[in-house]
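Novice: Turn this into a model:
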Amino acid sequence: MDVQRGTFKLLKKADSEDTKASLREILSLLRDTPISSDIPSPYTLMFKRKIKTYLPVVHFSTEGEESIVETKERHTASYATHQQEPPPIDPETNVWFQKTPNSRWQKAKVVGTELDRKYTIQTSDGAQYQRDRIHVRPSPEPTSKDPAPSELPTSQSNSSPQRKVWKGKPHCRPGVTHTSA
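Specialist: Presented below is the predicted three-dimensional model:
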């Protein structure tokens, strides 16, 4: 308390001299000054909010900022669990592809892969295109690697064959019609 009284007397003396700062501004700056690094300013303690000040202030992490960071981390983790990469497509697999974005889906066959998501595909007329995984979808038709229904073991003859199905958006899978039940 003695330190503040001494500070006030010095500020009052400075106000009595011919300076640009008025006593009101000096008192405002004094109330806006944090008491220590752990204790905020008297104004912040009284009104539970920060005010605009001309003093340079070091911002320490507060509870509000920590909760914002935690919320961001939860959202990121939630997004990561729901957002999945589609499975890779093997060469010689029949696929559907888009020649240009927003164009109709066309039949083709995967000739090769480059990198993780780039596929070289060949259409029935022999033209080759390089497309990203977003613009290539596996065809629901059986490929040359899939066994024919007659080649399935007899234990599975009454059940449908198991096939990897991409669980993306249903409206994005070409060749599949959806009926409402």
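Novice: residue ranges of the strands in the protein, please?
Specialist: Remark: strands of the chain, listed N- to C-terminal, are 94-98, 105-114, 118-122, 128-132, 136-138; assignment by DSSP state E.
Novice: The shortest one - contacts with which helices or strands?
Specialist: With contacts defined as 3 or more C-beta pairs under 8 Å, 6 or more residues apart in numbering; DSSP states H and E, the secondary structure elements packing on strand 136-138 are strand 94-98. Quick note: C-beta positions are derived from backbone N, CA and C, even for glycine.
Novice: Compute the inter-axis angle for the strand it packs on and strand 118-122.
Specialist: Using axes from the mean of the first three to the mean of the last three C-alpha atoms, to 10 degrees, the inter-axis angle of strand 94-98 relative to strand 118-122 is 100 degrees.
Novice: Let's have the strands of the chain in TSV, adding mean neighbour count and mean pLDDT.
Specialist: Formatted as TSV, the entries for those read as follows, by neighbours: other C-beta atoms under 10 Å; pLDDT from 0 to 100:
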stretch	mean neighbour count	mean pLDDT
strand 94-98	20	90
strand 105-114	16	90
strand 118-122	18	91
strand 128-132	14	91
strand 136-138	22	89
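Novice: who wins for proximity to residue 22 among the ones you listed?
Specialist: Closest of the strands of the chain to residue 22 is strand 128-132, at 65.7 Å (criterion: C-beta to C-beta).
Novice: Of the strands of the chain, which is nearest residue 87?
Specialist: For the strands of the chain, proximity to residue 87 was assessed by C-beta to C-beta; strand 136-138 is nearest, at 8.4 Å.
Novice: how about low-confidence regions in this protein?
Specialist: Across the chain, residues meeting the criterion (pLDDT under 70) sit at 1-5, 11, 14-21, 53-64, 141-181.
Novice: top helix in it by residue count?
Specialist: When every helix of the chain is counted residue by residue (DSSP state H), the longest turns out to be helix 63-82.
Novice: re the thing from before, as TSV, the strands of the chain with distance to residue 26 would be great.
Specialist: Conversion of those to TSV gives the following (distance: least, C-beta to C-beta, whole Å):
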stretch	distance to residue 26
strand 94-98	69
strand 105-114	70
strand 118-122	67
strand 128-132	64
strand 136-138	71
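Novice: Residue 66 is nearest to which of those?
Specialist: Minimum separation from residue 66 across those (C-beta to C-beta) falls at strand 128-132, 39.0 Å.
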